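In: can't give you the sequence, but here's the structure:
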């Protein structure tokens, strides 16, 4: 039987060439997500965050690289592992953290929680808790872009666990049929909850699922921010040109459990440690910055501090804010 | 300043746990992400990672200790510029200043939120019925329900460029039931979109388009097929306004024939009114007359909320006088008194109104004056109109094609208990589809669905005749 240790097959793509300032920005954006998620994990441990809480630690390069190639007005939708996406869309860490703690200053006034946040302003359309339900929704957002001829694209993120849901293929079909401006980003972190891709998917190169629909697709090293960025540029350009959808399979890895209460017995510690030690997206970017003389320890330390302060302020805000007023129980049911 | 490591809650239900193993020892340096210890929760053994960097200065709770309450300090981390030995000596004193804001988690505050405050009462009347539409004195025209629906869509599409129609066979084929006849020719394939047979997909696509600012009309060839799309309708369309704290909302109409048809057996004959009416965040409409089909569909398209618009295959060819004015609309949430009477109230919706009217006619011949209420809207339900009628007649019969169990009649029964118990002179009776999957054989089918005679019999029961 196939085991979970199967090495991901990554088609090498070219890396984007970016100036130092841009790589520093990418590094900072990834670090913000990392520190934010660590803090969220800690606050969950303290009982300040309840329910389900799915952390993005390890996968930061995917959303940061993808979003770095979007323009204002492009839309984004994802599943419930969504904190990183919100930060990468420019949403306020305070509002995100306050939603995690269920406070009135949260993005959903405390009524959505970790899995359900939105920002019309940033064109972030959730935050959806049903595996793969965001895929037709993202396809519909793309439909609205095409209908309005506004030149925008929708980035629709899904996990390897979602890839076997029927509605993904219903969406691929319609997007290809109508040439909708959508980029489907499969974040293949190798486990749908506790089930490895090998145990769930008859064909394990998930990007090939796009082929029957004639959708161009590519597998990308999702731990390498510059590879993600290069692939994002190609895919988004394709979708924006009116040529139809594009599928990217990002080979990535989550360090933490599926949710906070996952003891992660389905994979070895060695596997996790190896990924962290050898492939960590932030370490790689940091090394590149130092080795390439694009930055120095002091500058990176300053970024570390800036990020830590933002996260600390968000955590404080999320604890100081009051809970929703009881009257909110009855609001926002109908417009 | 040193940072306390607190015993973490590692599942939503964990209140205490056991420190099975320390993986870092006193004096070890730690950086964020390092595994510090293994902890047994109520569910599993979990690893605890460091969030802060520094030196593990002191292990406060040794490994092997069980029943350690969540949020108890279990260790101390000294910062880079601190003397770990000094930190260790000072210990985890409760007066120790805590370093990061998160560490200062007001545990008491969390606890304080636990005792549930009493839920506020629902708004006095969760639904205040809108004013009834004015009696239409303008021009009308005899037309079929099918034509009334088509005109409603065409008028709204002319009025608002963001309205579009999508579904199976709505365009080239001109509608599986010819409801969308001529729309493709007038509006083109950008706004009249033929979909593949892919209900789950196009319902979700419609919801996304609604989030994106469009106003989709999603036609299901019949509501039986909408079962495939139930998740998108309920989890995505109905709940997102609430889950987003009012930011999002989805202006969308899901429409198509609902209820019994003719000899098409169990999978193609079913009433979904109570299924959708169960869900907060949806409006559910099921008209009977041509004028109501037109006026309510126009209201539904203009409504900023998801609306389930239940049509009826057996009514598409029925003709009614219908206002031809483009401004004619019927408010959602208001029942219509279809016939006045004072001896019994018959409540019906959709095609069942026809049975009610025929039964009322037959009862009149027997000297029983029945008042017929056409609900038109199932959610919000116009309970005021029903209660006002029951206070006059003191007797009530409900009709629906769906199964009685947990149905619309059951809901009305409950509401009458709560709002008009003292006015009842007889128990409410429900006339409903029999509690079986709808059979194919002509005789069995007729036995399974409500008939005029069933309504007459039920009325005679509640009037003790």
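Out: Received it, and whenever you're ready, just let me know what you need. Predicted model only: the values in this text are computed from it and were never measured.

In: could you check which residue of chain B lies nearest chain A?
Out: Per CB to the nearest CB, residue B:208 is where chain B lies closest to chain A, at 2.2 Å. All C-beta atoms are positioned from the backbone trio N, CA, C, and that covers glycine.

In: now that residue. Nearest residue, chain neighbours left out?
Out: Closest residue to residue B:208 apart from its sequence neighbours, by CB to CB, 6 or more residues apart in numbering or on different chains: residue A:140 at 2.2 Å.

In: just the element for the one you found, please.
Out: Assigned by DSSP states H and E, residue A:140 falls within helix A:134-148.

In: right, and the helix or strand after that helix?
Out: Following helix A:134-148 toward the C-terminus (DSSP H and E): strand A:154-159.

In: list the helices and strands the next helix-or-strand element following that next one packs on?
Out: Where DSSP H and E defines the elements, the next helix or strand beyond strand A:154-159 is helix A:166-177. Other elements packing on helix A:166-177 under the criterion 3 or more CB pairs under 8 Å, 6 or more residues apart in numbering or on different chains; DSSP states H and E are helix A:134-148, strand A:182-188, helix B:199-211.

In: and helix A:166-177, which residues are buried?
Out: Neighbour-count burial for helix A:166-177, with 16 or more other CB atoms under 10 Å in any protein chain shown as criterion, is recorded at A:167, A:168, A:169, A:170, A:171, A:172, A:173, A:174, A:175, A:176, A:177.

In: between helix B:199-211 and it, find me the angle.
Out: 70 degrees (axes from the mean of the first three to the mean of the last three CA atoms, to 10 degrees).

In: what pLDDT, on average, does helix A:166-177 get?
Out: Throughout helix A:166-177, pLDDT has a mean value of 98.

In: other residues contacting that helix?
Out: A:132-133, A:135-136, A:138-139, A:142, A:156, A:158, A:162, A:180, A:182, A:184, A:209-210, A:213-215, A:244-245, A:247, B:195-196, B:198, B:200-202, B:204-205 (CB atoms under 8 Å, 6 or more residues apart in numbering or on different chains).

In: okay, now the nearest residue in space to residue A:182 that is not next to it in sequence: neighbour count?
Out: By the measure of CB to CB, 6+ apart, the closest residue to residue A:182 outside its immediate chain neighbours is residue A:142, 3.7 Å from it. A total of 34 residues lie near residue A:142 under the criterion other CB atoms under 10 Å in any protein chain shown.

In: swap in residue B:123?
Out: Applying other CB under 10 Å, we find 11 residues neighbouring residue B:123.

In: that one and residue A:330 touch, don't they?
Out: Yes: when contacts are counted by CB atoms under 8 Å, residue B:123 is listed as touching residue A:330 (5.9 Å).

In: burial of the residue in chain A that chain B sits nearest to, as a residue count?
Out: Residue nearest to chain B within chain A: residue A:140 (2.2 Å; CB to the nearest CB). Residue A:140 is flanked by 38 other residues according to other CB under 10 Å.

In: same deal with residue B:137?
Out: Neighbour number of residue B:137 under other CB under 10 Å is 7.

In: can you tell me the element it falls in?
Out: Residue B:137 belongs to no helix or strand when assigned by DSSP H and E.

In: could you measure from it over to residue B:269?
Out: Computed as CB to CB, to the nearest Å, the residue B:137 to residue B:269 distance reads 39 Å.

In: hey, where'd the helices end up in the stretch 251-400 of chain B?
Out: Shown for the stretch 251-400 of chain B, the helices assigned by DSSP state H, counting those that start in this stretch span residues B:273-277, B:290-302, B:352-365, B:383-393.

In: how distant is the last one from the center of its chain?
Out: It stands for helix B:383-393. 26 Å (CA atoms, centre = their mean, to the nearest Å).

In: check which residues of that helix are buried.
Out: The neighbour-count check on helix B:383-393 (16+ other CB under 10 Å) flags B:383, B:385, B:386, B:387, B:388, B:389, B:390, B:393 as buried.

In: can you get me the start-to-end distance on stretch B:56-71?
Out: End-to-end distance for stretch B:56-71, by CA to CA, to the nearest Å: 18 Å.

In: close to chain A, is it?
Out: Yes: judged by CB under 8 Å from any CB of the partner chain, stretch B:56-71 and chain A are in contact via B:70, B:71.

In: picking up where we left off before, how close does the residue nearest to residue A:182 get to residue B:29?
Out: 49 Å.

In: got the angle between the helix holding residue A:140 and strand A:182-188?
Out: Going by the same axes, to 10 degrees, helix A:134-148 makes 160 degrees with strand A:182-188.

In: close to chain B, is the one helix or strand residue A:316 maps to?
Out: In this assignment (DSSP H and E), residue A:316 forms part of helix A:297-320. Yes: counting by CB under 8 Å from any CB, contacts between helix A:297-320 and chain B involve A:312, A:313, A:315, A:316, A:319.

In: does anything pack onto that helix? Which helices or strands?
Out: Checking 3+ CB pairs under 8 Å, 6+ apart, helix A:297-320 ends up next to helix A:20-45, helix A:93-100, helix A:281-291.

In: quick check: which of the ones you listed is nearest to residue B:257?
Out: The minimum distance between residue B:257 and the helices and strands packed on helix A:297-320 falls on helix A:93-100, with 41.0 Å, by CB to CB.

In: may I see the buried residues of the closest one?
Out: For helix A:93-100, using 16+ other CB under 10 Å, the buried residues are A:93, A:94, A:95, A:96, A:97, A:98, A:99, A:100.

In: same check, this time on stretch B:312-326
Out: Here stretch B:312-326 shows B:312, B:313, B:314, B:315, B:316, B:318, B:320, B:322, B:323 as buried, counting by 16+ other CB under 10 Å.

In: gap between the fourth one and residue B:259?
Out: Between residue B:315 and residue B:259 the computed distance is 9 Å (CB to CB).

In: quick check: neighbours shared by those two?
Out: Counting by CB under 8 Å, 6+ apart, the shared contacts of residue B:315 and residue B:259 are B:350, B:351.

In: isn't residue B:6 up against residue B:76?
Out: No: contact criterion CB under 8 Å: residue B:6 and residue B:76 do not qualify, at 10.8 Å.

In: just to revisit the earlier point, and of the helices of the stretch 251-400 of chain B, who's closest to residue A:44?
Out: helix B:273-277 (35.8 Å).

In: and that closest one, what other elements does it pack with?
Out: Short answer (3+ CB pairs under 8 Å, 6+ apart): helix B:273-277 packs on strand B:283-285, strand B:377-379, strand B:396-403, helix B:408-420.

In: make TSV out of those and add mean neighbour count, mean pLDDT and distance to chain A.
Out: As requested, the helices and strands packed on helix B:273-277 are exported to TSV (neighbours: other CB atoms under 10 Å in any protein chain shown; pLDDT from 0 to 100; distance: least, CB to the nearest CB, whole Å):
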stretch	mean neighbour count	mean pLDDT	distance to chain A
strand B:283-285	27	98	7
strand B:377-379	27	98	10
strand B:396-403	26	98	24
helix B:408-420	18	98	18
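
In: residue ranges with poor pLDDT in the stretch 351-465 of chain B?
Out: Applying pLDDT under 70 to the stretch 351-465 of chain B flags no residue at all.

In: give me the sheet partners of the helix or strand hosting residue B:56 and which way each runs.
Out: For residue B:56, the host element (DSSP H and E) is strand B:54-59. The strands beside strand B:54-59 in its sheet (DSSP bridges) come out as strand B:29-30 (antiparallel), strand B:73-78 (antiparallel).
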